[in-house]
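Colleague: Sequence and computational prediction follow.
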Amino acid sequence: IRHESALRPGAFTTEVLERLNEDALIHDEEFGGPIGYSDTAPFSYGYQVYRLTGTNAQMVVWVKRALGADHTTASELVTCLVEKLGSQQAGFLVRHTVRGPGRVPYDLWMVNPEVLTLQADEGSTYRICPRCLTVHRFRRLEQCTGSTCHTTLQERSLEGNYFRQIYTVPLEEAAQVRAEEHSGQVGGQERREIELRFRDAEDPLNVLICTPTMELGIDIGHLNAVTLRNVPPSPSHYAQRVGRAGRSGQPSLISVFAGVGSARGPHDQYFYRFPERMIAGAIAAPRFRLDNQALIRAHVHSLVLETMGLRGVEKLPGRPLDLLDLSREGYPLYADWEAAYRGGVSRCLSEIVVAVEEAFAGEIAEFGWFDRAFVEGTVQGFVGDLDRALDRWRAEYRRLDEEREALNRLLGQEKVDPAMNRRRVVVEAKLQAMREGEGDWYLYRYLGGEGFLPGYAFPPQAVALSFDDQEDELARDPAIALTEYAPGNFVYYRGQRYEVTHARPRTREMQPDVEPVLVCPACGRAYHGAHETNRATCVCGQDLSGVHPRPCLALSDMFAKQRARITADEEERLRLGYVTTEHYMAGGRPAIYRVWAGGRLAFRMTVEHGGRVLLLNRGQREREGEPRGFTLCRKCHRWLVAGREEKHVGTPTDRGECPRGARAEDLLDGLWLVQTLQSDLVLLDVPLPAGAESEVFYTTLMHTWLRTLFVTFNLDESELAGFLTGGPDDKTPWRVVLYETSVGGSGVLASLAEPGRLEMAVARARELLHERDPQGGCERACYECLLSFYNQRDHQLLDRTAVLPLLQAVEGLSVELVEPPLQGPSFEELDAGCQSNGERQVLAAIRDRGLPLPDASQKAVYDGDEPIAVADFFYEPHIVVFVDGSPHFRDYVANADERKRRRLRALGYRIVVVRSDDMESCLDDLSARVPQSVGH
């Protein structure tokens with residue numbers, strides 16, 4: 001429409017929209033500029049153009065269908081009609097001139113606003129498309145204009161239509177609806193104000209649009225109606241959400257919607273088929289997997305603070321500025337505070353250990369790694385762990401401080417830039433919030449997010465996105481952030497659109513920390529890091545000598561800038577999305593089971609605690625060929641997408657866009673984003689049935705198990721995932737890998753080995769696949785059984801009839817333990833206890849040489865009740881391994897080390913020192929000692 005609001009959207013916003021009452025403004029669509037039709041105007045950033053007569057032009061497609069014309073005739077007819085409607089005599093269409101690339105003028109056809117009349121229709125019967133439900137007013141033709149609607153219009157009465165009834169109620173009789181958002185994207189203080197307004201009977205606010213934030217014990221007062229847009233994953237979630245209403249004996253109305261379709265989850269689809277089960281069942285105690293060193297270590301830290309607080313040691317402050325010396329390079333802990341806490345830990349050590357042993361008596365008896373040495377090592381390392389947990393705070397504060405200085409310099413030299421000045425205000429406010437511990441920077445909340453203290457919101461590995469015009473940060477689980485916060489993606493937050501433009505990567509020697517990843521082309525197993533990728537063959541036997549590792553950047557926090565408009569090329573890029581893959585990595589503690597049915601081996605099941613899955617984002621999907629990966633500027637950490645590389649880097653004649661003067665050699669290209677997840681896994685080795693198509697069978701089997709477990713164990717779709725990897729032999733060409741996405745795992749997958757659990761899941765799977773459906777069920781797959789929005793790329797492979805015979809054949813199954821899990825700590829658990837990169841390198845070298853893994857890391861060694869030293873690694877019963885990096889080469893440190901080691905030798909311990917400058921020969925010494933002394 002050739003109206004000023006669309007032709008000059010900026011002026012229209014300033015002159016009209018910004019002057020309206022905020023409560024009255026219901027239009028939040030942003031015009032990007034003129035919109036019209038043309039067959040000659042090129043696509044451009046300054047306007048939006050649709051084609052009149054292209055191959056897929058909607059009007060040509062409709063004319064062909066409505067009149068039975070061929071493409072040429074339909075195109076000529078559309079062109080002729082546009083000219084006639086745009087003639088001076090008719091005046092229905094008008095031309096509007098726009099400037100394309102190179103300022104070349106082009107005409108766009110638009111509707112003349114002078115011929116438009118908006119009028120409320122008092123009729124109730126209309127001609128409607130039965131597919132898309134669009135109302136048409138054609139007098140003769142009966143074809144819908146929708147490009148995919150091959151339907152005949154039908155006359156329908158809309159007299160009973162809910163929305164028509166609502167929109168035709170006189171204003172004086174209509175119910176006033178005032179709504180506010182109540183979600184994690186709304187700040188805590190603002191949420192509290194919204195809750196107070198909602199409780200106030202005089203305030204017009206009467207509707208809250210909520211995410212599960214409303215579950216968390218919030219008393220909302222006289223709430224009498226709750227509407228759930230989907231079915232919660234468990235009875236406890238249901239009770240929490242609907243329990244907000246009807247308090248103190250007042251009546252309440254609960255409405256729960258369940259449906260099928262691409263946008264509905266597995267619980268919705270299941271309860272749509274079985275609505276009588278929607279509120280059935282009992283609230284079960286939540287499952288927690290406590291066999292998790294990181295989780296236990298966080299609770300031990302909490303007990304350290306509690307015990308020392310009771311003994312008069314200074315309380316940990318809530319403001320980082322009271323803990324960190326911001327006037328010194330690196331923002332170290334205040335020396336007096338550090339000394340006080342180290343002394344407090346030493347004095348209260350035995351009391352803290354007793355408190356931990358009392359609190360976790362059951363877990364200490366159950367888990368072999370959870371012994372006094374682990375507790376004492378964690379307590380003694382409290383201050384060091386706290387110091388390391390503050391590293392992300394330091395890095396972010398340093399980055400913002402440097403940005404503030406750069407902004408101040410630029411604003412002092414150049415004409416005032418409003419956008420730059422707004423950014424400076426945001427940066428200064430965020431620095432203030434970080435110093436004062438406001439919001440998510442409150443020290444206890446921050447430490448919970450880092451995994452140092454128990455956290456009850458986002459997991460310790462959550463990835464944060466910060467914004468150029470707001471102090472807020474938006475945290476996401478890594479599995480979601482891998483694509484949602486991927487370079488060049490657009491994120492919508494608080495009504496604004498943002499583009500992910502910069503990384504905040506981990507660095508090594510002031511450079512982004514890039515490590516190689518090697519993926520086996522045969523079985524899909526991944527190897528991560530210099531030590532693991534330096535191999536000639538995969539464990540499956542595949543030759544890897546011709547496979548080159550790819551550079552990978554660990555998924556890190558990201559930065560986004562506000563964008564008002566996106567181009568057609570960007571829309572296409574977003575539509576194509578990203579190529580993400582999942583890969584199995586060895587390293588957990590596996591327990592192997594055989595599943596028997598009818599006296600025959602049906603399949604093998606491996607339950608692996610602490611297993612590793614490597615998640616990869618390989619780059620933006622291309623129309624043809626493999627993705628090219630991502631490009632990152634080493635200097636300014638900007639992601640360069642859509643051909644921005646040439647403009648970004650400097651040349652002898654052009655400085656380039658990089659604010660730090662990057663050259664071509666400063667670009668890291670072909671990067672993959674990588675995230676390692678350590679959790680519980682289940683590996684299913686199911687032989688391929690005779691006559692079955694391999695890809696169809698295993699893809700269907702994987703999605704069947706996922707959707708079955710969601711429903712059987714009341715899981716949300718984000719809590720469990722799966723993929724296929726290479727199988728062990730020709731009879732089992734593919735292996736199904738299921739994994740829990742929560743760090744450490746919740747124990748759901750491990751419970752499949754418990755009596756009756758697997759059999760219960762199989763029964764639910766058969767029900768899910770329409771085994772006893774009175775209507776017979778779907779032909780292959782439908783949204784009531786296997787299809788969902790998230791697995792749409794696999795829809796053509798899903799066939800319930802491929803796996804239903806297998807599930808029927810294992811009725812009355814039994815589970816037999818073949819190989820119990822190893823009792824010693826896994827590589828990942830030892831790696832998590834390492835205190836330096838040098839220790840991690842030594843541990844990886846021990847594994848790569850095929851040596852037995854140590855029995856403990858960071859183990860305190862005692863003479864009676866007196867601690868002598870902390871061994872970096874320890875082999876039972878008496879081999880102590882120290883890893884000496886460059887700090888140990890200083891004379892005073894070396895002298896102290898030698899005194900401790902003499903005492904250990906006198907007590908009968910055998911000492912192995914691995915020096916960073918002579919690692920190979922030191923490891924030779926270790927390999928000579930370990931086999932003689934350790935019976936692994």
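Modeller: Nice, thanks for sending it over. Numbers count the residues shown, from 1 in each chain.
Colleague: Setting aside sequence neighbours, what's the nearest residue to the residue nearest the centre of the chain?
Modeller: When Cα atoms, centre = their mean is applied to the chain, the residue found nearest the centroid is Ile480 (1.9 Å). In this structure, Ile480 finds its nearest non-sequential neighbour in Ser718, 7.2 Å apart by Cβ to Cβ, 6 or more residues apart in numbering. C-beta here means a position set from N, CA and C on the backbone, and glycine is covered the same way.
Colleague: What count of nearby residues applies to that neighbour?
Modeller: When neighbours are defined as other Cβ atoms under 10 Å, Ser718 has 14 of them.
Colleague: Report the contact partners of it.
Modeller: If you count contacts by Cβ atoms under 8 Å, 6 or more residues apart in numbering, Ser718 has them with Asp477, Ala479, Ile480, Thr741.
Colleague: same thing with Ala373?
Modeller: Ala856, Lys859, Ala860.
Colleague: what about the helices in the stretch 701-850 of the chain?
Modeller: Along the stretch 701-850 of the chain, counting by DSSP state H, counting those that start in this stretch, helices occupy 757-768, 800-809, 827-833, 837-848.
Colleague: follow-up on the earlier one: hmm, which of the contacts of Ser718 are the buried ones?
Modeller: Buried members of the contacts of Ser718, scored by 16 or more other Cβ atoms under 10 Å, are Asp477, Ala479, Thr741.
Colleague: who does Leu228 bridge with?
Modeller: For Leu228, the beta-bridge partners are Val256 (DSSP bridges).
Colleague: quick one, what contacts it?
Modeller: Tyr238, Arg241, Val242, Ile254, Ser255, Val256, Phe257.
Colleague: The closest residue in space to the third one that isn't next to it in sequence: what's it in contact with?
Modeller: By that I understand Val242. Sequence neighbours aside, Ile254 is the residue nearest to Val242 in space, at 4.7 Å (criterion: Cβ to Cβ, 6+ apart). By Cβ under 8 Å, 6+ apart, the contact set of Ile254 is Ala225, Val226, Thr227, Leu228, Val242, Ala245.
Colleague: if we look at the strand or helix carrying Arg575, which residues are touching it?
Modeller: Assessed by DSSP states H and E, Arg575 sits inside helix 568-576. With contact meaning Cβ under 8 Å, 6+ apart, helix 568-576 is reached by Phe43, Gln48, Gly488, Asn489, Phe490, Ile566, Gln620, Arg621, Glu622, Arg623, Val641, Ala642.
Colleague: So the fifth one versus Arg563, what's the distance?
Modeller: Applying Cβ to Cβ, to the nearest Å, one obtains 7 Å for the distance of Phe490 from Arg563.
Colleague: The fourth one now?
Modeller: Taking Cβ to Cβ as the criterion, Asn489 is separated from Arg563 by 11 Å.
Colleague: One more: the second one?
Modeller: From Gln48 across to Arg563, the span is 16 Å (Cβ to Cβ).
Colleague: and if you look at the first one?
Modeller: As defined by Cβ to Cβ, Phe43 lies at a distance of 18 Å from Arg563.
Colleague: per the record, what domains does this protein have?
Modeller: Using automatic domain parsing, the domain parsing of the chain gives 4-115, 125-167, 179-277, 293-457, 511-818, 834-933.
Colleague: can these go into TSV with extra columns for mean pLDDT and distance to Val463?
Modeller: Formatted as TSV, these follow (pLDDT from 0 to 100; distance: least, Cβ to Cβ, whole Å):
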stretch	mean pLDDT	distance to Val463
domain 4-115	87	28
domain 125-167	87	37
domain 179-277	78	14
domain 293-457	87	11
domain 511-818	88	6
domain 834-933	80	22
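Colleague: which one of these lies closest to Asp468?
Modeller: The minimum distance between Asp468 and those falls on domain 511-818, with 4.5 Å, by Cβ to Cβ.
Colleague: Can you classify the closest residue to Val78 other than its chain neighbours as helix, strand or coil?
Modeller: Ranked by Cβ to Cβ, 6+ apart and with sequence neighbours excluded, the top spatial neighbour of Val78 is Met59, at 5.1 Å. Counting by DSSP: H, G, I helix; E, B strand; the rest coil, the backbone at Met59 sits in helix.
Colleague: gap between Met59 and Val82?
Modeller: Distance of Met59 to Val82, given as Cβ to Cβ: 9 Å.
Colleague: Common neighbours of these two, please.
Modeller: Applying Cβ under 8 Å, 6+ apart, one finds that Met59 and Val82 are jointly contacted by Leu52.
Colleague: higher neighbour count, those two?
Modeller: Using other Cβ under 10 Å as the criterion, Met59 and Val82 rank with Met59 on top: 21 against 18.
Colleague: List the residues that contact the closest residue to Pro454 other than its chain neighbours.
Modeller: With Cβ to Cβ, 6+ apart as the criterion, Pro454 has its nearest non-adjacent residue at 5.0 Å, and that residue is Ala298. Ala298 makes contacts with Gly448, Gly451, Phe452, Leu453, Pro454, Gly455, as judged by Cβ under 8 Å, 6+ apart.
Colleague: Just the ones in helices from these, please.
Modeller: Applying DSSP state H to these, the entries found in helices are Gly448.
Colleague: Generate a ChimeraX selection restricted to the buried entries among the contacts of Ala298.
Modeller: Selection of buried members from the contacts of Ala298 for ChimeraX, criterion 16+ other Cβ under 10 Å:
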select :448,451,452,453,455
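Colleague: Now the longest helix along the chain: buried residues?
Modeller: Longest helix of the chain, by residue count under DSSP H: helix 335-359. Neighbour-count burial for helix 335-359 flags Trp337, Glu338, Tyr341, Gly344, Val345, Cys348, Leu349, Ile352, Val353, Ala355, Val356 (criterion: 16+ other Cβ under 10 Å).
Colleague: Now the buried members of the contacts of Leu228.
Modeller: Tyr238, Arg241, Val242, Ile254, Val256.
Colleague: so which of those comes closest to Gly68?
Modeller: Val256 (47.8 Å).
Colleague: Run through the residues that contact that closest one.
Modeller: Counting by Cβ under 8 Å, 6+ apart, Val256 touches Thr227, Leu228, Val231, Tyr238, Met278.
Colleague: which one of those sits closest to His888?
Modeller: Ranked by distance to His888 (Cβ to Cβ), the contacts of Val256 are led by Tyr238 at 58.0 Å.
Colleague: and that closest one, that's in a helix?
Modeller: Yes: judged by three-state DSSP, Tyr238 forms part of a helix.
Colleague: what phi and what psi does the backbone show at the spatially closest residue to it that is not a sequence neighbour?
Modeller: With sequence-adjacent residues excluded and distances taken as Cβ to Cβ, 6+ apart, Tyr238 is closest to Pro232, at 4.5 Å. Dihedral pair for Pro232: phi -60, psi 160, per degrees, to the nearest 10.
Colleague: Count the residues that sit near Pro232.
Modeller: The tally of other residues near Pro232 (other Cβ under 10 Å) stands at 20.
Colleague: before we move on, what about Ala294?
Modeller: Residues within reach of Ala294, counting by other Cβ under 10 Å, total 17.
Colleague: show me what contacts Glu717?
Modeller: Glu717 touches Gly265, Pro266, Phe710, Ser788, Tyr790, counting by Cβ under 8 Å, 6+ apart.
Colleague: The closest residue to the second one other than its chain neighbours and Arg550: what is the separation?
Modeller: Going back to what we said before, that points to Pro266. Once flanking residues are discounted, Pro266 sits nearest to Phe710: 4.3 Å by Cβ to Cβ, 6+ apart. Distance, Phe710 to Arg550, using Cβ to Cβ: 33 Å.
Colleague: The two: who's more crowded?
Modeller: Phe710 (22 against 17).
Colleague: Quick check: the more buried one touching Gln269?
Modeller: No: counting by Cβ atoms under 8 Å, Phe710 does not reach Gln269; the two are 9.9 Å apart.
Colleague: Could you check how many residues crowd around Gly776?
Modeller: Gly776 has 8 nearby residues by other Cβ under 10 Å.
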